[in-house]
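Visitor: any chance you could fold what I've pasted below:
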Amino acid sequence: MIGFTCAGCGRSFTVPDSFAGRKATCKSCGAPVTVPELSTGGDTAAHHTAGAAPSAAPTAVAAPPVRKIPMRQRRLTADAEQMAAAFHDFPLIRVVSTRGEPAEVYQIEYQVRGLDRGKKNQPVPRERHLVEIQLTSEYPRISPKCKMLTPIFHPNIDPATICVGDHWAAGERLVDLVIRIGEMIGYQAYNIKSPLDAEAAMWADLHTAELPIDARSMIPPGLE
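Guide: Model prediction:
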């Protein structure tokens, strides 16, 4: 064995003969050191002032494990980025607020010509609409929960639900769902065969020549 001390701090070290001549750094003071060569007299236990040397052969440092991000969280993050990019400067559709990090609940404002329920269940114009979209724990396998926060007169929308489930697929983008709701509000899209609001369905069936209420494209530039 070779014994020696660090010239910088005086710390003693003992290493195997095979470390003779190796260069290292003192772990106590950081000074550069070299393990002394074996003495010619065969006294391998003699001490030398040469600085610190490794007390054992260098070992590889294991890399920290890579944390796998859950698929749902990756999807929520992608949705949030796409929503911000698509609607940040679009006059017809705007993200008003979000909850969660990444976002799981969106409040969306639509500046779209639609209908509200007036006297005697007759429709009256309405220009501003608020929608809440909740991405549940089953999302994206199950469609988001969508509901109106403002009144509306539409065959496929009632106070608690916007009927989008029949058209949902797990691979569909959230931005496409938001656009489709805008198309529903403007009566570009509606279904009178299985309505949530029978009176609105009857009205739409009798006034198809007046539809859509808003024919403008709900697709932001860059997504078309």
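
Visitor: only C-alpha atoms for contact and neighbour calcs from this point on.
Guide: OK.

Visitor: just give me the longest helix of the chain.
Guide: The helix that spans the most residues within the chain, counting by DSSP state H, is helix 71-87.

Visitor: and the helix or strand following that one, average pLDDT?
Guide: As assigned by DSSP states H and E, the chain's next helix or strand after helix 71-87 is strand 93-99. Strand 93-99 carries an average pLDDT of 97.

Visitor: tabulate the CA atom coordinates of strand 93-99 in PDB.
Guide: Extracted in PDB, the C-alpha atoms of strand 93-99 (Å, rounded to 0.1, in the frame of the first residue of the first chain):
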ATOM      1  CA  ILE A  93     -63.500  33.000 -30.200                       C
ATOM      2  CA  ARG A  94     -61.500  33.900 -27.100                       C
ATOM      3  CA  VAL A  95     -60.200  31.900 -24.100                       C
ATOM      4  CA  VAL A  96     -61.400  34.000 -21.100                       C
ATOM      5  CA  SER A  97     -59.900  31.900 -18.300                       C
ATOM      6  CA  THR A  98     -58.400  28.500 -17.400                       C
ATOM      7  CA  ARG A  99     -58.100  26.300 -14.300                       C
END
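
Visitor: packing partners of it?
Guide: With contacts taken as 3 or more Cα pairs under 8 Å, 6 or more residues apart in numbering; DSSP states H and E, strand 93-99 sits against helix 71-87, strand 105-117.

Visitor: so where's the chain shaky on pLDDT?
Guide: Low-confidence segments of the chain, defined by pLDDT under 70: 8, 39-64, 66, 165-167, 224.

Visitor: domain-wise, how is it divided?
Guide: 2-49, 71-210 (automatic domain parsing).

Visitor: circling back to that earlier point, show me what the longest helix of the chain is packed against.
Guide: Packing partners of helix 71-87 (3+ Cα pairs under 8 Å, 6+ apart): strand 93-99, helix 174-185.
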